[in-house]
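> Fold the following, please.
(2 chains)
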Amino acid sequence: MPTLTVEELEVRFPGLDTPALAIPRLGIAAGARIGLTGPSGSGKTTLLNLITGLERAGTGRILWDGTDIARLSEGRRDRWRAANVGLVMQDFHLFDGLSARDNVLLPLRLARFALPAGAGEEADRLLGRVGIERRGQKVETLSRGQKQRVAVARALIARPGILIADEPTASLDAEAGAVVAALLTELAMEAGATLIVASHDPRLLERLDRVVRLEAGRIRPAEG
Amino acid sequence: MFRLVAADLRRNALGALAIVLIVAFAAALGVAVTLQERALRLGSARAAAAFPVIVGAAGSETQLILSAVFLQPAPLGLVPGRVLAALAADPRVAWAAPVGFGDFVEDYPIVGTTQALVDGLGGLREGQGFARLDQAVVGAHVQLRTGDRFHPLHGQASSGGHMHGETTYEVVGRLAPTGTPWDRAVLVPIEAVWRTHGMEALEEAAEGAHGHAGETPGEDGHAGQQPAGDEPAGEELAGDGHADPAQQHAGPATDPHARIDAARVTAAGAPGVPAIVVKPRSIADAYKLRQEWRTDTTLALFPAEVLTRLYATLGDARRVLSAVAMGAQALVAAAILLVILLHVGQRRRQIGALRAFGAPRLAVFAVVWMEGFALLGLGLLSGIGLGYGAALAIAARLQAQSGVALPVLFTADDLAPLLLLAGATAALAAVPALLAYRQSPAAALRG
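Model (predicted):
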């Protein structure tokens, strides 16, 4: 259960005087469930990309349990992310033509040549847990809600200590969104993972321990 | 990883098929040119293999080869009978056989010769050799059966020749297949050819030489009646011996059922022939014979030598065709590269997602590269098959027309260019893979 410590993080884009993101300090305890909210363009996705190592931080430190991923090379960040981070995105990013089960197993298949022992059972267990019955069904034939549930199962297949979701319910109807919101928080708890969710969805945010509000790249104290 | 590649290709099955087909056609073009040129070269060389040395009257070397080896009808000057007599008596000669042509049955050329050439061509597959002047041996692909009778036709039926109605041959044997134009030839005793034309000339003389109206003297008679050099006119095949029965030993026999008299063919006073096939006893003998019979009036040559010159020309043509094929391939390669690049552009999100979900960059590279290589490689392989098939089809058509067996085959020499091509394909597939490799996952996900 990793702890996140962000220090002196600053992101600037060329031609802009003020930094797009400036976070002097942000600490997230291991196993915490944190919401990230704020108007669009406030830097939510940029922050998520930085703390997952998808983008490299120019200045500052991003420490996950003492590992500063801002200092890792691109290849090592990829490996670190594969081992520690599960990602759920607004647009699912499932791979058409593959079954639900194959989609869940894909991160493991790509990261190594042979599946680790028990991976198939774990995929079946996760799909059962998110309520996908027909595991051999091609993902392009699933509903949007089902797709996001498959994506949640995929995020957890490598047993990551960190679960990151970027607007996971924004492209779903209210009912499907509620199911996904419940699954995310429950599964993070079950897995003991630190959960960080960027979202505008109040029903999702109210399930979380704490909500951090970003405005113009800066953290504002949360209301209430 | 393979499942992902397979799923991707399945989803874009039509586009993938189009790319495979385009690559296949481009590759087939190059393969067919190479194979066909080789087939022509090997085929003609094999066809000439049974003809170590050819002796003919002074004239065009190429024409002599085309006529004697490939049986292309053309008027040739005649070699006087004493040349054949001298060659037959030469101890350095294993065998020497005359080749006389000009008549046809249907579209098959009738060739007057002796048993020596029948043996030299590989012998008989069925029946027996000709023993009488009215017997014939047919090539392997001639549509005549043993026992069939036919009249020779002066000139090809398709170009309106006239019938020698007074002469009849009976098919008594069939040659083993040779893979040469001789598979379409009908072999008869040379004396029978002399006799047919000798008798005709006699008739013409009797009828006041009205001859074949409209024919120039050069075309009348067979393979040229023009006197070869120093021979007196009386030595020409027309009419020799007919005026004087006492000279019959040197001229054509008059009885169509007469048995073949080998001595008559090689008698010093025998009529002339357009070409003589000579089989020397040794290579040294071959060079000496060629040297000796290169005179003012006669020509001696190795068919292989003349063919080599022809191949040089053929080789130039092949280089031009190869260049055209390579140009087409380069254009196709460029077009395919463009298509693949566009495709990678469209797949930025997918590639970004692969990275985000923990795929190492190398895995992303491998996925994109495998897709490209699978398409191009498949196209290449089917192109080789397609080119081979096309070369086979062309060879079969040419063989039906000319009788020259054209061996379409790959050799060890093809391995290097094929490996080179495979390497180029791998490199080409690496271009989009490299782009995917360098793509920032965050930027790709945003896009």
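> contacts and neighbour counts: CA atoms only from here.
OK.
> Tell me which residue of chain B lies closest to chain A.
Using C-alpha to the nearest C-alpha, B:G358 is the residue of chain B that sits closest to chain A, at 3.9 Å.
> Flag every residue of chain A that's near chain B.
Counting by C-alpha under 8 Å from any C-alpha of the partner chain, the positions of chain A adjacent to chain B are A:49, A:54-55, A:75, A:78-79, A:81-83, A:86-87, A:93, A:95-98, A:106-107, A:109-111, A:155.
> Mind checking which of these are in helices?
Mapping these onto helices (DSSP state H) picks out A:49, A:75, A:78-79, A:81-83, A:106-107, A:109-111, A:155.
> In the lengthiest helix in chain A, which residues are buried?
For chain A, the helix with the greatest residue count under DSSP H is helix A:174-191. Judged by neighbour count (16 or more other C-alpha atoms under 10 Å in any protein chain shown), helix A:174-191 contains these buried residues: A:A176, A:G177, A:A178, A:V179, A:V180, A:A181, A:L183, A:L184, A:T185, A:L187, A:A188, A:A191.
> pLDDT at the second one, what is it?
At A:G177, the predicted lDDT confidence score is 93.
> Which of the residues of chain A next to chain B are buried, as a PyMOL select command?
Here is the PyMOL selection string for the buried members of the residues of chain A next to chain B, based on 16+ other C-alpha under 10 Å:
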select buried, chain A and resi 49+54+55+78+79+81+82+83+86+87+93+95+96+97+98+106+107+109+110+111+155
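> Pretty sure A:I219 sits against A:K44.
No: if you go by C-alpha atoms under 8 Å, A:I219 and A:K44 don't touch, sitting 10.3 Å apart.
> Doesn't B:A422 lie inside a helix?
Yes: counting by DSSP: H, G, I helix; E, B strand; the rest coil, B:A422 is part of a helix.
> For it, which residues are in contact?
Shown in contact with B:A422 (C-alpha atoms under 8 Å, 6 or more residues apart in numbering or on different chains): B:G377.
> ok, it to B:Q329 distance?
Counting by C-alpha to C-alpha, to the nearest Å, the separation of B:A422 from B:Q329 is 13 Å.
> One more: B:A88?
56 Å.
> Can you pull out the low-pLDDT segments for the stretch 151-300 of chain B?
Residues of the stretch 151-300 of chain B that meet the criterion pLDDT under 70 lie in B:155-161, B:199-254, B:256.
> what's near enough to touch B:I22?
So B:I22 contacts B:V332, B:G379 (C-alpha under 8 Å, 6+ apart).
> For the helix or strand harbouring it, list every residue counted as buried.
Using DSSP states H and E, B:I22 sits in helix B:13-48. Buried residues in helix B:13-48, counted by 16+ other C-alpha under 10 Å: B:16-17, B:19-48.
> Average pLDDT for stretch B:132-139, rounded please.
Stretch B:132-139 comes out at a mean pLDDT of 90.
> so how far is A:L183 from the residue in chain A that chain B sits nearest to?
Nearest residue of chain A to chain B (C-alpha to the nearest C-alpha) works out as A:A82 at 3.9 Å. Here the criterion is C-alpha to C-alpha. By it, A:A82 lies 21 Å from A:L183.
> Can I get stretch B:127-142 in PDB? Just the C-alpha atoms.
Taking C-alpha atoms only, stretch B:127-142 is exported to PDB below (Å, rounded to 0.1, in the frame of the first residue of the first chain):
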ATOM      1  CA  GLY B 127       7.700 -48.300 -82.900                       C
ATOM      2  CA  GLN B 128      10.800 -48.400 -85.100                       C
ATOM      3  CA  GLY B 129      13.000 -46.200 -87.100                       C
ATOM      4  CA  PHE B 130      12.400 -45.500 -90.800                       C
ATOM      5  CA  ALA B 131      13.800 -48.300 -93.000                       C
ATOM      6  CA  ARG B 132      12.200 -47.300 -96.300                       C
ATOM      7  CA  LEU B 133      11.800 -44.100 -98.100                       C
ATOM      8  CA  ASP B 134       8.100 -43.900 -97.400                       C
ATOM      9  CA  GLN B 135       8.400 -44.200 -93.700                       C
ATOM     10  CA  ALA B 136       8.500 -41.500 -91.000                       C
ATOM     11  CA  VAL B 137       9.200 -41.100 -87.300                       C
ATOM     12  CA  VAL B 138       7.300 -38.400 -85.500                       C
ATOM     13  CA  GLY B 139       8.300 -36.200 -82.500                       C
ATOM     14  CA  ALA B 140       6.800 -36.900 -79.100                       C
ATOM     15  CA  HIS B 141       4.100 -34.200 -79.400                       C
ATOM     16  CA  VAL B 142       3.000 -34.700 -83.000                       C
END
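> what bridges to A:L36?
Counting by DSSP bridges, A:L36 forms beta bridges with A:A198, A:V212.
> Could I get the pLDDT score of the residue of chain A closest to chain B?
Per-residue confidence (pLDDT) for A:A82: 89.
> which ones are touching it?
A:A82 is in contact with A:P107, A:A111, A:A158, B:F357, B:G358, B:A359, counting by C-alpha under 8 Å, 6+ apart.
> can we see that at 7 Å?
Going by C-alpha atoms under 7 Å, 6 or more residues apart in numbering or on different chains, A:A82 touches B:F357, B:G358.
> Surely A:L26 is in a helix?
No: secondary structure of A:L26 (three-state DSSP): strand, not part of a helix.
> what about the spatially closest residue to it that is not a sequence neighbour, how many residues close to it?
Distances taken as C-alpha to C-alpha, 6 or more residues apart in numbering or on different chains place A:V6 nearest to A:L26, at 5.0 Å, with adjacent residues excluded. Using other C-alpha atoms under 10 Å in any protein chain shown, A:V6 has 18 other residues around it.
> check which helix or strand covers A:V6.
Assessed by DSSP H and E, A:V6 sits inside strand A:4-11.
> From the rest of the structure, what touches that strand?
Residues outside strand A:4-11 that contact it (C-alpha under 7 Å, 6+ apart) are A:19-29, A:58-65.
> contacts for the host helix or strand of A:I196?
Using DSSP H and E, A:I196 falls within strand A:194-198. Applying C-alpha under 7 Å, 6+ apart, the contact partners of strand A:194-198 are A:1-2, A:30-37, A:44, A:161-167, A:188.
> do the same with stretch A:83-99
The contact list for stretch A:83-99, computed with C-alpha under 7 Å, 6+ apart, reads A:52, A:103, A:135-140, A:147-148, A:151-152, A:155-156, A:158, A:160-171, B:7-8, B:11, B:350, B:353, B:357.
> what are the ranges of the helices in chain B?
B:2-11, B:13-48, B:61-68, B:81-89, B:115-120, B:190-206, B:262-265, B:283-292, B:303-346, B:348-356, B:361-402, B:415-438, B:441-446.
> Kindly report the residues of chain B close to chain A.
Contact residues, chain B versus chain A (C-alpha under 7 Å from any C-alpha of the partner chain): B:1, B:7-8, B:11, B:350, B:353, B:356-360, B:363, B:441-442.
> My guess is B:L117 contacts B:A97. True?
Yes: contact criterion C-alpha atoms under 7 Å: B:L117 and B:A97 qualify, at 5.7 Å.
> center of chain A - which residue?
With distances taken as C-alpha atoms, centre = their mean, A:I164 lies nearest the centre of chain A, 1.6 Å away.
> Correct me if wrong, but it is in a helix.
No: with three-state DSSP as the criterion, A:I164 is strand rather than part of a helix.
> Dig out what it forms beta bridges with.
For A:I164, the beta-bridge partners under DSSP bridges are A:L87, A:I196.
> List the contacts of A:G43.
Going by C-alpha under 7 Å, 6+ apart, A:G43 touches A:A20, A:L21, A:L214, A:A216, A:G217.
> Among the residues you listed, which one sits closest to B:D255?
When these are ranked by distance to B:D255 (C-alpha to C-alpha), A:A20 comes first, at 115.5 Å.
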